[in-house]
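> output the structure for:
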Amino acid sequence: MTELKTYTVPGMSCEHCVAAVREEVGRVDGVESVDVALETKLVTVRGRDLDDSALRAAIDDAGYEADGH
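Next up, the predicted model:
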């Protein structure tokens, strides 16, 4: 069954930020799609058996910090 996880990433400010987050999160096991909305600072991840800590680490690897959800 497909899971949905959403993170707020307030540090994103441009399309480069969006691309960096999308690329890093897309590498995490189980991720099927990554939607990044710059206007709302939301990152929505769809996939199977998603690991919250791995997703947060990927956002961190992209140079940003994920807030709760």
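> mind naming the longest helix for the protein?
helix 15-26 (DSSP state H).
> all strands for the chain, in order.
3-8, 31-37, 42-47 (DSSP state E).
> any idea of the angle the longest helix of the chain forms with strand 3-8?
150 degrees (axes from the mean of the first three to the mean of the last three CA atoms, to 10 degrees).
> and the nearest residue to residue 13 once chain neighbours are set aside, how close does it get to residue 9?
Leaving aside its chain neighbours, residue 13 sits nearest to residue 38 (7.8 Å; criterion: CB to CB, 6 or more residues apart in numbering). The way it works is simple: take the backbone N, C-alpha and C, and place the C-beta from them, glycine included. As judged by CB to CB, to the nearest Å, residue 38 and residue 9 stand 10 Å apart.
> which one of the two has more residues nearby?
residue 9 (21 against 14; other CB atoms under 10 Å).
> quick one: contacts for the residue nearest to residue 13?
When contacts are counted by CB atoms under 8 Å, 6 or more residues apart in numbering, residue 38 touches 12, 13, 14, 15, 17, 18.
> of those, which is the most crowded?
Counting neighbours by other CB under 10 Å, the top entry in those is residue 12, with 24 neighbours.
> what about stretch 51-58, average pLDDT?
Mean per-residue pLDDT for stretch 51-58: 97.
> buried ones in it, by neighbour count?
55, 56, 58 (16 or more other CB atoms under 10 Å).
> so which of those residues sit within helices?
Using DSSP H, 55, 56, 58 are the members of the buried residues of stretch 51-58 that sit in helices.
> ok, so of those, who is nearest residue 26?
residue 58 (8.3 Å; CB to CB).
> that closest one touches residue 30, doesn't it?
No. In this structure, residue 58 is not within contact of residue 30 by CB atoms under 8 Å, at 11.7 Å.
> residue 26 reaches residue 34, doesn't it?
Yes. Residue 26 is within contact range of residue 34, at 5.1 Å (criterion: CB under 8 Å).
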